[in-house]
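# Just the structure for this:
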Amino acid sequence: MTIDFLSEANAMRDELVERRRDFHRHPELGFEEIRTSGIVAKELNALGLEVQTGVGKTGVVGILEGAGDGPTILYRADMDALPIHEENQTEYVSTEVGKMHACGHDGHTTIALGIAKLLSNYRDKLNGRVKFVFQPAEEGSGGARAMIDDGVLTSPKPDISLGIHLWNDLEVGIASVVSGPVMSGANMFSIEVIGKGGHSAMPHQTADPIVCAAQIIVALQSIVSRNADPLDTVVVSIGTIQGGNAGNVIPQSVTLAGNYRIFREETRDMVTDRINAIATSVATAMGCKAEVTIRAGLAAVVNDDKVARRAQDIFAKFSDVISVVEKPWMASEDVGLLMQQNPGAYLLIGSANNARGLNYPHHHPRFDFDEDVLPLSVGLMSATIADYLITGD
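The predicted structure follows:
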């Protein structure tokens, strides 16, 4: 028997939209997802899954056990929102001041619940199990690491990891399924430039940290243009400059903060070394001192070739509703940690609709997406998971 997962998912559209809009109205920041995780756990329990709560503080795990032996497929969805005040005028706008789902995680959670509901109807045909992982705190707060520390990659250990990110750089009906690096690794850094303050009319009596900081910023750009292999991919960005309180005072210090994004660990090491060397050398040359702090960063998200190709083959069966491109992105995601110990694929599903103005970028106060992507994603990913667990379908 061939299961028409897409048709069944389309029949769930109204339910999926209602669920997504409820999550959108009530966004919760990282490790604060009490309401969201409570709804997730209630829904999974109602479906008869084995449910664990409090995994990684506010994470939820639900195991859908099949009737026969087979592999364990981990499917991950993130739940947290962002500290952004929403500027949309929809009827489902955020009710929480200064908080909104500006990255599609409300959709991710909804889609995962939809997949769990759809596949639970066929548990008697499943050979193996699906481990649904609802992760808190993806937005820079270490949710994946917290869940790993609480044993999410054991009992049972996953054989394959899968997940999606709704992606407003692509229109609905397009997916990016990449073999190899798909999202970059990232490190955050800060540089405190310490000089000698004084009166702006007598700069010769000072060691100006602002001028020094400016030289450091310019010199850091040479990492990409002169230190990185031209065929490699590197981004080095300064996001904040803080220092000084008056236009006629040369301050004592200036602090720069930024990040760098890479695909290869060797490149991460090179950029780390160059930031330290450039900042300290330029500061010394200008009579200042630089103190560099680099925080441990995210691993790159690297898709396993076989898993990615298999997903491409499955998506090709739905060529009337989805087309596939292979395009990596420089954004970062902590799902890479969940994929380091087992082969997996993280897929980007287009969610924009340019004609309707649903094309604002992620993390924008007017971010929103075309809700047609909800049943589309449920159908596609249910078929992808079933390809591993339902033999002969």
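# and the residue nearest to the spatial centre of the chain, how far is that from residue 237?
The chain has residue 333 as the residue nearest its centroid, 3.3 Å off, counting by CA atoms, centre = their mean. Residue 333 sits 18 Å away from residue 237, going by CB to CB, to the nearest Å. (Glycine included, C-beta is placed from N, CA and C.)
# just to confirm, which helix or strand has residue 257 in it?
strand 253-262 (DSSP states H and E).
# no no, residue 54
Going by DSSP H and E, residue 54 is part of strand 50-55.
# For that strand, name the packing helices and strands.
helix 34-46, strand 59-65 (3 or more CB pairs under 8 Å, 6 or more residues apart in numbering; DSSP states H and E).
# That one pairs with which strands, and in what direction?
If you go by DSSP bridges, strand 50-55 pairs up with strand 59-65 (antiparallel).
# what's next to whatever helix or strand comes next after the strand it pairs with, contact-wise?
Next helix or strand after strand 59-65 toward the C-terminus (DSSP H and E): strand 68-78. With contact meaning CB atoms under 8 Å, 6 or more residues apart in numbering, strand 68-78 is reached by 105, 108-109, 111-112, 115, 126-136, 138, 143, 153, 156-163, 335, 338, 342, 344, 381, 385, 388-389.
# What of stretch 282-297?
185-196, 207-209, 211-212, 215-216, 219, 259, 268, 272, 275-276, 279-280, 332.
# What segments of the stretch 101-250 of the chain are helices?
Secondary structure of the stretch 101-250 of the chain (DSSP state H, counting those that start in this stretch): helices at 105-120, 143-149, 209-220, 222.
# Out of these, which is closest to residue 321?
Ranking these by proximity to residue 321 (CB to CB) places helix 105-120 first, at 15.4 Å.
# now the closest one, how far from the centre of its chain.
17 Å (CA atoms, centre = their mean, to the nearest Å).
# What helices and strands are in contact with it?
Helix 105-120 packs on helix 5-11, helix 13-25, helix 34-46, strand 59-65, strand 68-78, strand 127-135, strand 160-171, helix 373-389, going by 3+ CB pairs under 8 Å, 6+ apart.
# Residue 100 is nearest to which of the ones you listed?
Once these are compared by CB to CB, helix 13-25 is nearest, at 7.8 Å.
# Quick check: buried residues in the closest one?
For helix 13-25, the neighbour count (16 or more other CB atoms under 10 Å) marks 13, 16, 17, 19, 20, 21, 23, 24, 25 as buried.
# ok, now stretch 148-158?
148, 150, 152, 153, 158.
# so how far is the first residue of it from its last?
With CA to CA, to the nearest Å applied, stretch 148-158 spans 12 Å between its terminal residues.
# and residue 103, what does it touch?
81, 82, 139, 362, 363, 367.
# what does residue 152 give?
55, 56, 59, 61, 133, 338.
# Point out where the chain drops to low pLDDT.
1, 392-393 (pLDDT under 70).
# any idea of the angle the longest helix along it forms with strand 253-262?
In the chain, with assignment by DSSP state H, the single longest helix is helix 265-285. Per axes from the mean of the first three to the mean of the last three CA atoms, to 10 degrees, the angle that helix 265-285 makes with strand 253-262 is 160 degrees.
# buried sites along helix 265-285?
Under 16+ other CB under 10 Å, the buried positions of helix 265-285 are 267, 268, 270, 271, 272, 274, 275, 278, 279, 280, 282, 283.
# That one vs helix 209-220, what angle?
150 degrees.
# what residues are up against the nearest residue to residue 151 once chain neighbours are set aside?
Nearest non-adjacent residue to residue 151, counting by CB to CB, 6 or more residues apart in numbering: residue 55, 7.7 Å away. Residues near residue 55 by CB under 8 Å, 6+ apart: 61, 147, 150, 151, 152.
# Tell me the spacing between residue 55 and residue 119.
21 Å.
# Show me the domain layout of the protein.
5-184+300-389, 190-298 (automatic domain parsing).
# deepest of those domains, which one?
Mean neighbour count, computed with mean count of other CB atoms under 10 Å, is highest for domain 5-184+300-389 among the domains of the chain, reaching a mean of 20.
# Residue 198 is in contact with residue 250, correct?
Yes. Using CB atoms under 8 Å, residue 250 is in contact with residue 198, at 5.2 Å.
# Residues that sit against both of those two, list them.
Shared contacts of residue 250 and residue 198, counting by CB under 8 Å, 6+ apart, come down to residue 206.
# Give me the contacts around the helix or strand hosting residue 314.
Take DSSP H and E as the rule and residue 314 turns out to sit in helix 305-316. Contact partners of helix 305-316, identified using CB under 8 Å, 6+ apart, comprise 160, 162, 175, 177-180, 322, 324, 343-345, 347, 380, 383-384, 387.
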